[in-house]
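Asks: Please work out how this folds:
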Amino acid sequence: MKPIIKGKIGKNCQIGEGVIIDKDVVIGDNCIIEPYAVITGYTEIGDNNHIFSHAVIGSIPQDLKYHGEKTKLIIGNNNKIREFTLINPGTENGGGVTKIGDNNLLMGYVHVAHDVIIGNNCILANAATLAGHVVLEDYVVIGGMTPIHQFVKIGEHAMIAGASAVSQDIPPYCLAEGNRAKLRGLNLTGLRRRLEDRTIIDEIKRAYKELFESGKPLRDVAKELLKSENPYVKHLAEFVLNSKRGIPYVRKV
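Replies: Down below sits the predicted model:
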């Protein structure tokens with residue numbers, strides 16, 4: 001079965017049999033689209049992406065408030081989108097754009113819903129599910145079979161265990177696990193892979209203990225940590241102060 005290509009395709013792309021690429025789609029250079037993938041809607045895809053069989057990219061949001069308005073899906077460069085993944089564009093009430101950055105791996109059966117923002121270098125394991133308006137910063141890892149509640153934000157270098165259920169914001173550099181997910185410490189393995197300066201990690205450790213293990217009021221501690229010259233500690237404090245859904249830590253008494 002020949003592919004149906006109506007959109008704009010860049011140089012050196014490989015398009016498999018049965019692929020459907022609709023008229024408003026723009027795809028960059030050196031992309032591989034495996035057999036029977038569907039790319040539709042107002043979708044922009046960058047260079048060097050690999051989209052595997054039966055992925056559906058850009059189909060209308062699973063949101064009853066969507067009524068056919070022109071909204072976008074933007075995908076960056078060097079992403080791997082595995083079999084049967086579903087990615088929806090934005091909605092008018094959510095900013096109109098779903099956006100995925102660079103160098104991400106979305107494993108099989110992942111769902112990225114409307115108005116989601118994914119940064120760079122993230123890994124979503126099989127059947128991870130991101131509801132509408134979720135935000136992932138860079139280097140986030142989501143374990144398999146894990147749903148993320150709408151409007152949740154997950155900070156950079158955070159890791160969520162498989163088969164968890166996340167309904168509150170997970171701060172940067174943290175591990176979370178459970179249904180409903182709670183903080184279980186720091187993602188030290190991830191930090192050690194990317195930060196050569198161990199003194200920075202030690203400062204993040206002290207900040208974590210002060211925030212979540214000291215028993216002091218969370219916002220008061222976060223405001224004090226804003227004075228830190230360590231940009232990682234400062235980002236952690238800012239994340240806590242700006243959280244809309246709350247932080248799922250076990251309060252000390």
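Asks: Regarding residue 144, what is its secondary structure?
Replies: Using DSSP: H, G, I helix; E, B strand; the rest coil, the structure places residue 144 in coil.
Asks: For it, the count of nearby residues, please.
Replies: 17 (other Cβ atoms under 10 Å). From N, CA and C alone the C-beta is placed, and that goes for glycine too.
Asks: For it, which non-adjacent residue is spatially closest?
Replies: Spatial nearest neighbour of residue 144, excluding adjacent residues (Cβ to Cβ, 6 or more residues apart in numbering): residue 125 at 3.8 Å.
Asks: repeat for residue 205
Replies: residue 186 (6.4 Å).
Asks: from memory the one you found sits against residue 208, does it?
Replies: Yes: applying Cβ atoms under 8 Å, one finds residue 186 in contact with residue 208, separated by 5.5 Å.
Asks: joint contacts of these two?
Replies: Shared contacts of residue 186 and residue 208 (Cβ atoms under 8 Å, 6 or more residues apart in numbering): 173-174.
Asks: who has more neighbours, those two?
Replies: residue 186 (23 against 19).
Asks: which strand residues sit across from the more buried one in the sheet?
Replies: residue 174 (DSSP bridges).
Asks: quick one: it and residue 79, what's the gap?
Replies: 27 Å (Cβ to Cβ, to the nearest Å).
Asks: Ok, residue 126 next?
Replies: 16 Å.
Asks: Name the residue in the two with the higher neighbour count.
Replies: Each of residue 126 and residue 79 has its neighbours counted (other Cβ under 10 Å); residue 79 has more, 23 against 18.
Asks: Identify the residues contacting that one.
Replies: Applying Cβ under 8 Å, 6+ apart, the residues contacting residue 79 are 49-50, 100, 102-106.
Asks: Export these as CSV, with columns for secondary structure.
Replies: As requested, those are exported to CSV (three-state DSSP):
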residue, secondary structure
49, coil
50, strand
100, strand
102, coil
103, coil
104, coil
105, strand
106, strand
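Asks: any chance of these in TSV, plus pLDDT, distance to residue 250 and neighbour count?
Replies: Formatted as TSV, these follow (pLDDT from 0 to 100; distance: Cβ to Cβ, whole Å; neighbours: other Cβ atoms under 10 Å):
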residue	pLDDT	distance to residue 250	neighbour count
49	99	40	25
50	99	41	16
100	99	33	25
102	99	35	19
103	99	34	17
104	99	31	25
105	99	31	16
106	99	31	29
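Asks: Looking at the residues you listed, which one is closest to residue 30?
Replies: Within the contacts of residue 79, the smallest distance to residue 30 is 8.4 Å, found for residue 49 (Cβ to Cβ).
Asks: Torsion angles phi and psi at the closest one?
Replies: Torsion angles at residue 49 (phi, psi; degrees, to the nearest 10) stand at phi -90, psi 150.
Asks: I appreciate the help and will end here.
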